[in-house]
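Asker: I'll drop the sequence and a predicted model, then ask my questions.
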Amino acid sequence: MPELPEVEITRRQIEPLLVGRKIRRVETTKPSYFFLTPPALLAKKLVGRRITALERLGKYLIARLDDGSRLLLHLGMTGQLFGSGVSSVRLLSAARRSALAPEAQPAFEPDLHTHLRLYFADRGPVVLFRDVRKFGKCGLLPRDGADERLEKLGVDALSARGEDLFKAAALRKIPIKTLLLDQSVIAGVGNIYADEALFLAGVLPTRPAKRVTLPECKAIVKAAKRVMRRSIATGGSSISDYIQPDGRDGGYQDERRVYAREGEPCRACRTKIRRVVLGGRSTHFCPRCQP
Ligand SMILES: [Zn+2]
C-alpha cells in the first residue's frame, strides 16, 4: 500500500504532466465504487478545464482546476498514476509499489483497469490512472465544496509540529502509536514510519499518549518527518517494506531499525526487537531503547 512518501513521489513525477495543461477529452471505465463522482458527470465537468496545481494532503492528491473545483485522487492499494509513453519500468515501480508495472513496455496501452484517461488540448502525453484492485478513489469537488474525507484530515505529516501531537495527546489513554496513526491528528503517517519514528524518539509505542512529554512529541514528529523525507529522497525504497521486483535499484538499502525486525538485534543495543499488535497493526520496538 502506498504510504505518504510514495504518494509524494507520484505527485512530483506527475505534476509537470498536469499543471498548466487544458483537458480536451476524458475517458473512463464504467461506474463503480472507484468513482466518487459518476464518471459521465466527471468527464463532462473536466473537459475544457485547465489544471493549475497538484497538491498532496496526507495520502490524497488534489488537482486544482481553473474554475475553482478540485479533482481528488487516491491511489488506494494498487493505484498507478502516470503519463502515456512512459518507458521506464523503474519510474512506475518507484511511483507505485504494487506488484508489477504494466507489462507492455515501452508504450503502455490502456486496459480495463485504466479507469481515467485525460487527453489534453496540446495533444501531448495522456495521463492515466490505473488501479487493478480499485481501492483507489477519483472524484470532483465543486468550487467551495467541502469533502468529508479532506475535512477530517489533520495537519500533513511533512508540515506537522510536535505541538500538534502533544495537544491531541492530552488526557488520552490510548497508546501513543495509535494516536500517531490517527489521520485526524497528523495525516499521512503510516505503520512503518510510526514504528521507526517512535524508535528514533526513544518512546515505547504502547505508552499512554497522555504520558508522552512535549519534548518527546517533538522528537517523534521530527523523526517521522526524517524517515519519510529520506524515503522520498530514495524513491520510496530505503525504508518501506517494498523491494522492487526486478531488484534493479542499486541504491536500495534497508534502513529499517525496528519494523519487521522481530527477534533481530537492536541496531543500537543488541536487545532483541519485539513485536506486539496494537489496534490491529503490527508494532515493533526495542524494549531497552524505548521506555
Ligand atoms: Zn535497543
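Answerer: Great, that's in hand. Residues are numbered from 1 along each chain as shown.

Asker: remind me, longest helix of this protein?
Answerer: Taking DSSP state H as the criterion, the chain has its longest helix at helix 214-233.

Asker: Next up, identify which helix or strand Ala43 is on.
Answerer: helix 39-46 (DSSP states H and E).

Asker: Going toward the C-terminus from that helix, what's the next helix or strand?
Answerer: For helix 39-46, the following helix or strand on the C-terminal side (DSSP H and E) is strand 51-57.

Asker: which residues of this protein fall in strands?
Answerer: Counting by DSSP state E, the chain has strands at residues 23-28, 51-57, 60-65, 70-74, 79-83, 114-120, 127-131, 137-141, 155-156, 186-187, 274-278, 281-285.

Asker: By mean pLDDT, show me the worst of those.
Answerer: Of all these, the minimum mean pLDDT falls on strand 79-83 (a mean of 89).

Asker: Partner strands of that strand, with direction?
Answerer: Strand 79-83 has the following sheet partners, assigned by DSSP bridges: strand 127-131 (antiparallel).

Asker: any idea of the angle the strand it pairs with forms with strand 70-74?
Answerer: Angle, strand 127-131 to strand 70-74, by axes from the mean of the first three to the mean of the last three CA atoms, to 10 degrees: 40 degrees.

Asker: quick one: contacts of strand 127-131?
Answerer: Contacting residues not belonging to strand 127-131 are listed as 14, 17-18, 34, 73, 75-76, 78-84, 102, 108, 110-111, 113-118, 120, 136, 138 [CB atoms under 8 Å, 6 or more residues apart in numbering]. Bear in mind the C-beta positions are built from the backbone N, C-alpha and C, glycine included.

Asker: Now with 6 Å, please.
Answerer: Strand 127-131 is touched from outside by 17, 78-83, 113-118, with contacts defined as CB atoms under 6 Å, 6 or more residues apart in numbering.

Asker: Stretch 167-174 too?
Answerer: With CB under 6 Å, 6+ apart as the contact definition, stretch 167-174 has outside contacts at 179, 185, 208-210, 212.

Asker: that older thread, show me the one of the strands of the chain that comes nearest the ion.
Answerer: Smallest distance to the ion across those (CB to the ion): 8.8 Å, for strand 281-285.

Asker: For whatever residue of the stretch 51-200 of the chain ends up closest to the ion, give me the pLDDT.
Answerer: Closest to the ion within the stretch 51-200 of the chain is Phe199: 8.0 Å, counting by CB to the ion. Looking at Phe199, its pLDDT stands at 98.

Asker: That one is in contact with Arg256, isn't it?
Answerer: No. Here Phe199 lies out of contact with Arg256, judged by CB atoms under 6 Å, at a distance of 9.4 Å.

Asker: excluding its backbone neighbours, what's nearest the residue of the stretch 51-200 of the chain closest to the ion?
Answerer: Counting by CB to CB, 6 or more residues apart in numbering, the nearest residue to Phe199 once its immediate chain neighbours are dropped is Val258, at 4.6 Å.

Asker: residues contacting Leu153?
Answerer: 57-58, 183, 187.
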